[in-house]
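>>> only geometry, no sequence info:
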């Protein structure tokens with residue numbers, strides 16, 4: 001069996017997922033090629049099984065088309081044509097799509113080819129972009145226009161940025177080209193996202209949930225001197241938050257309020273801050289811009305009494321799984337797939353934006369210690385990344 005994977009990059013969470021699925025399939029005896037957008041983050045590649053799509057000129061041109069004409073997904077004709085040629089030469093049995101937005105593919109050209117090529121297509125949807133007229137997420141602005149037809153988009157100036165609102169046109173184009181794939185299997189990392197797809201124009205596709213996973217050899221409960229290094233009293237309740245980019249969507253405003261409302265017996269630590277976000281953060285919050293390694297991150301998770309994730313839009317947050325794997329219970333807003341990661345033995349869920357309930361749960365959990373470290377790590381075993389990658393290989397074999 002031969003598989004051809006496509007993603008917006010070979011780095012970050014989705015890039016690593018793509019590469020690890022490919023390697024797992026190769027270990028099962030299958031031939032796999034991966035293709036991803038050429039960018040500054042991508043080093044020179046000499047691997048025969050990896051293909052870079054486009055170049056900086058094509059990417060910039062496509063981005064200008066997307067920004068000024070509102071036509072993200074309508075540039076990159078030459079690079080998409082070259083990609084199609086690579087696919088034909090490889091002649092795969094299955095084409096596996098991941099993130100397709102990001103100004104690097106011509107969607108009409110690619111999907112017209114896929115519809116005629118008549119190969120099995122697997123599409124892992126890491127966000128909601130495939131069934132909206134513009135945005136990858138819409139929970140924060142509470143927009144459900146995607147169910148009937150996008151228009152008057154409240155987020156057209158958000159990623160992928162556009163100066164004009166073309167959401168109505170793009171919605172129709174996506175519906176036309178994406179639904180033309182007859183042998184389509186959609187994979188989602190959460191049941192929440194699968195339920196949304198069943199309400200979208202992609203509802204006739206086969207839909208399967210395969211959760212994202214984490215490396216349990218790295219994220220595990222370890223001895224930590226983090227409190228000592230940061231002069232945190234051993235009896236203080238350490239509240240931890242982690243995000244790649246802290247905004248109100250991720251709940252940074254919630255932590256600001258908590259820093260004022262919780263007693264001195266609580267210490268908040270935020271990882272992923274920047275010089276800009278730190279300007280508005282209270283002095284009593286410990287700010288860490290980035291950790292030196294995943295091992296250091298695991299050490300901080302292990303030192304925390306509670307991991308709090310007041311996110312307002314989420315597909316299936318890796319940070320929840322990482323915290324559990326390090327023996328730390330999780331408290332989250334009922335947002336996206338975030339609640340699916342925990343069970344009654346390892347965490348708690350409150351309604352999105354119910355601040356008073358969130359604060360009460362923090363105090364209850366820290367004072368009564370209802371969750372055992374063992375139950376947290378036991379739950380994390382459900383998200384062993386190696387098992388998840390094998391689920392993809394099993395899916396390939398099934399279809």
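Looks like it came in fine. It should be emphasised that the depicted structure is a prediction, and the values quoted were computed from it without experimental measurement.
>>> switch to C-alpha atoms for all contacts and neighbour counts from now on
Fine.
>>> need the strands for the protein, in chain order.
2-7, 31-37, 50-53, 94-97, 120-124, 184-188, 206-209, 237-242, 266-271, 286-288, 306-309, 330-333, 347-350 (DSSP state E).
>>> Can I get the ones you listed in JSON lines including mean neighbour count, mean pLDDT and distance to residue 65?
Output for these, formatted as JSON lines (neighbours: other Cα atoms under 10 Å; pLDDT from 0 to 100; distance: least, Cα to Cα, whole Å):
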{"stretch": "strand 2-7", "mean neighbour count": "23", "mean pLDDT": "98", "distance to residue 65": "21"}
{"stretch": "strand 31-37", "mean neighbour count": "23", "mean pLDDT": "97", "distance to residue 65": "17"}
{"stretch": "strand 50-53", "mean neighbour count": "20", "mean pLDDT": "96", "distance to residue 65": "18"}
{"stretch": "strand 94-97", "mean neighbour count": "22", "mean pLDDT": "98", "distance to residue 65": "23"}
{"stretch": "strand 120-124", "mean neighbour count": "22", "mean pLDDT": "98", "distance to residue 65": "25"}
{"stretch": "strand 184-188", "mean neighbour count": "23", "mean pLDDT": "98", "distance to residue 65": "29"}
{"stretch": "strand 206-209", "mean neighbour count": "17", "mean pLDDT": "98", "distance to residue 65": "33"}
{"stretch": "strand 237-242", "mean neighbour count": "23", "mean pLDDT": "98", "distance to residue 65": "35"}
{"stretch": "strand 266-271", "mean neighbour count": "21", "mean pLDDT": "98", "distance to residue 65": "36"}
{"stretch": "strand 286-288", "mean neighbour count": "17", "mean pLDDT": "97", "distance to residue 65": "37"}
{"stretch": "strand 306-309", "mean neighbour count": "26", "mean pLDDT": "98", "distance to residue 65": "36"}
{"stretch": "strand 330-333", "mean neighbour count": "25", "mean pLDDT": "98", "distance to residue 65": "37"}
{"stretch": "strand 347-350", "mean neighbour count": "22", "mean pLDDT": "98", "distance to residue 65": "42"}
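>>> Can you say which of the ones you listed is nearest to residue 227?
strand 237-242 (8.7 Å; Cα to Cα).
>>> ok, the closest one: who's next to it in the sheet?
strand 266-271 (parallel), strand 306-309 (parallel) (DSSP bridges).
>>> of all those, which lies closest to residue 374?
It's strand 306-309; of the strands paired with strand 237-242, that one is closest to residue 374 (Cα to Cα) at 14.3 Å.
>>> List the residue ranges of the stretch 51-200 of the chain that fall below the pLDDT cut-off.
Low-confidence segments of the stretch 51-200 of the chain (pLDDT under 70): none present.
>>> which stretches of it form helices?
With DSSP state H, counting those that start in this stretch, the ranges of helices along the stretch 51-200 of the chain come out as 56-69, 77-90, 107-117, 167-178, 191-197.
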